[in-house]
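Asker: predicted coordinates and the sequence they were generated for:
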Amino acid sequence: MAERPTPEARNKAEPEAHNKAAPEARNKAPADARSFDIVIIGSGAAGLTAALNLAERFTVAVLAKGDVSAGSTAWAQGGIAAVLEPGDTYESHIDDTMVAGAGLNHRATVEFVVENAAHAIDRLADLGVPFNPGESVSERWHLTREGGHSHRRIVHVDDATGWAVQQALQKAAAAHPNITLVPGMVALDLITSAHVEGERFAARAVHGVYAFDTASRQVQRYVAKAVVLATGGASRVYQYSTNPDGSTGDGIAMAWRAGCRVSNMEFNQFHPTCLFHPTVKNFLITEACRGEGGHLKLPPSASEVARGLNSGTRFMAHYDDRLELAPRDVVARAIDAEMKRLGLDHVLLDISHLGADFVTQHFPMIHARLLELGIDCTVEPIPVVPAAHYSCGGVMVDLAGRTDLAGLWAAGEVTQSGLHGANRLASNSILECLVFGQAVADDIAAHWDPAAAPPAIRPWDESRVTDSDEEIVVAHNWDELRRFMWDYVGIVRTDKRLERAAHRVKLLRKEVADYYGNFRVTPDLIELRNLVTVADLIVRSARARKESRGLHYTTDYPRLTAVAQDTVLDPVTTRN
Ligand code: FAD
Ligand code: SIN
């Protein structure tokens, strides 16, 4: 959990260089400023849950950088974990979470989330999420199984749970008179005391956010008494990812620049089974396929095919007694090892033996999408590869979602709350968004000061930048960054690879900072700048961890150290 540093220490963090306003710019009228009680950046499960829990008392703006439903939440397939099966216990869910997390989890956070899971799911059901019903009177909802869970624990809506959750939250938010949904608004930097007229040296606090309006192409000020970061993860820092395009770690980078500590950035989860396809790059094949009995196989060799042996060979027995139900890190590494050993570009996930009725009933969305791509998973195996899926690290928060800075809270994948440790257990993520979305709202309401007035904020200053003349720089650096992160900071790491990555990050940081300092912002530039920051934080954290734990596996330090410790980076003390 985040220990709150003194305001003096936070105050040493340097304000962002780009927006040091010229004196004349400071006197402009605030025509671009919009004021709300609370601004929430992000409209996924975490942001909308916080919004709905605040809106009875406060005015709330929810910013989204694209469509309101364009975050990872809408893409979730498997479901949401909770202790609901007769015979299951909190202790068992806590244990499974901590075993997956390789002991790095904070037990108090795990208990907090697990014990609030059933309530969070009830709230979603009340909002109209049509969870699949159970098959007996003792089971209200159908529960599926996923890797690392020792019980059936996952409530779901077929294999498209996230879409149903997003739609229900979004519908309720859109109907609420106190909630303003603002799509197409790309937050680019938090407004801190450094941006307050005449208060450059006051203790650091957050008063809102500067955001790029994709319609007017102007930067606007959103001013508020409380700001909530709910911007999701950073898995698009890798070349191959299951995530939507927007998972570029914007919230992590903005919080870091404003002076917040981040933690455990080396733990990026690779999902074992992303579809391998020449054109469709980020279609997930849910873990529930393995949970319900799917088999991982090596593609048949040429000689096997010649002998009519087309079904492939299972291989997980060589790696783990739990076979396909081992935690994700184990399965992803096993696939990676087999692909490297045999020079394969993919392996196979076979669910055809489960029967056509079972497959079409349990995985209708996946079945239909694969059919569109010419793969009938009721009769043939699905080609799969691992891909970056989830950021376990992020902005440090306490149990109320408070960050290091007054006025700034955070919830969901953008945070490191202590829940996931060194590896997230499947289907614990949306759960974390729901529980922390509510915790943040409760804390903001409990500490609300009706008398406090937001300060006067300087407008965004563009007096010293011009339109970019070389967009290719942005496109090239995007590709380069994501490729070397995949090659050097991926599933298996070494000191040498990390050193190479650090060298490249340093060059890119300089190039992108120069570019950012000279040209008007665009959404691509905003994301690239954040991705470089996130890559830097991941590489620094990975280099600091001299052991293999959970998702961080390095052949130079294959063992666990005796004491499990978070990797904490502090912008106040980190050297450039
Ligand atoms: P998101 O839902 O990602 O939302 C982020 C929001 O922030 C978006 O609205 C975005 O527009 C906004 N945003 C980002 N940057 C900016 C910016 N600069 N300015 C303005 N707005 C911004 N987890 C589970 O528990 N169960 C599952 O079954 C499951 N399946 C998954 C399947 C897939 C394919 C993927 C990708 C993830 C899955 N996960 C699952 C993980 C889970 O979906 C995410 O961790 C979770 O939904 C994150 O929610 P969030 O609210 O934190 O962020
Ligand atoms: C999946 O359905 O495999 C994803 C579940 C998760 O990421 O929690």
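Answerer: Good, I have the coordinates. Numbering: from 1, shown residues only. Ligands and ions are numbered 1, 2, ... in the order given.
Asker: how close does residue 79 get to residue 428?
Answerer: Note on residue 79: its distance to residue 428, by C-beta to C-beta, to the nearest Å, is 11 Å. (Glycine included, C-beta is placed from N, CA and C.)
Asker: show me the shaky parts of the stretch 301-450 of the chain.
Answerer: Applying pLDDT under 70 to the stretch 301-450 of the chain picks out no residues at all.
Asker: still on that earlier bit, which of residue 79 and residue 428 has more neighbours?
Answerer: Taking neighbours as other C-beta atoms under 10 Å, residue 79 and residue 428 compare with residue 79 leading, 33 against 27.
Asker: residues contacting the more buried one?
Answerer: Applying C-beta atoms under 8 Å, 6 or more residues apart in numbering to residue 79 gives the contacts 144, 154, 155, 156, 157, 161, 288, 427, 430.
Asker: next one: it from ligand 1, what distance?
Answerer: Taking C-beta to the nearest ligand atom, to the nearest Å as the measure, residue 79 falls 5 Å from ligand 1.
Asker: same deal with residue 185?
Answerer: The gap separating residue 185 from ligand 1 is 6 Å, by C-beta to the nearest ligand atom.
Asker: for that residue, name its beta-bridge partners.
Answerer: Assessed by DSSP bridges, residue 185 has beta-bridge partners residue 213.
Asker: report the contact partners of it.
Answerer: Residue 185 makes contact with 63, 64, 65, 211, 212, 213, 214, 220, 222 under the criterion C-beta under 8 Å, 6+ apart.
Asker: mean confidence (pLDDT) on the lengthiest helix in the chain, please.
Answerer: For the chain, the helix with the greatest residue count under DSSP state H is helix 495-518. For helix 495-518, mean pLDDT rounds to 95.
Asker: which other helices and strands contact the following helix or strand past that helix?
Answerer: Where DSSP states H and E defines the elements, the next helix or strand beyond helix 495-518 is helix 523-544. Applying 3 or more C-beta pairs under 8 Å, 6 or more residues apart in numbering; DSSP states H and E, we find helix 523-544 packed against strand 185-192, helix 250-258, helix 472-488, helix 495-518, strand 568-569.
Asker: what's next to the helix or strand just after the second one, contact-wise?
Answerer: Scanning the chain past helix 250-258 towards its C-terminal end, the next helix or strand to appear is strand 262-263 (assignment: DSSP H and E). Judged by C-beta under 8 Å, 6+ apart, the contacts made with strand 262-263 from elsewhere in the structure are 252, 255-256, 393-396, 416, 537, 566-569.
Asker: 7 Å instead, please
Answerer: Defining contact as C-beta atoms under 7 Å, 6 or more residues apart in numbering, one finds that strand 262-263 is touched by 252, 256, 393, 394, 395, 396, 416, 537, 566, 567, 568, 569.
Asker: turn those residues into a markdown table, including neighbour count and distance to residue 550.
Answerer: Formatted as a markdown table, these follow (neighbours: other C-beta atoms under 10 Å; distance: C-beta to C-beta, whole Å):
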| residue | neighbour count | distance to residue 550 |
| --- | --- | --- |
| 252 | 31 | 19 |
| 256 | 24 | 22 |
| 393 | 28 | 11 |
| 394 | 31 | 15 |
| 395 | 30 | 19 |
| 396 | 27 | 18 |
| 416 | 30 | 13 |
| 537 | 27 | 17 |
| 566 | 18 | 12 |
| 567 | 21 | 12 |
| 568 | 17 | 16 |
| 569 | 19 | 18 |
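Asker: now the residues you listed in TSV, with distance to residue 553?
Answerer: Converted to TSV, the contacts of strand 262-263 look like this (distance: C-beta to C-beta, whole Å):
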residue	distance to residue 553
252	22
256	25
393	15
394	20
395	24
396	24
416	19
537	19
566	18
567	15
568	21
569	20
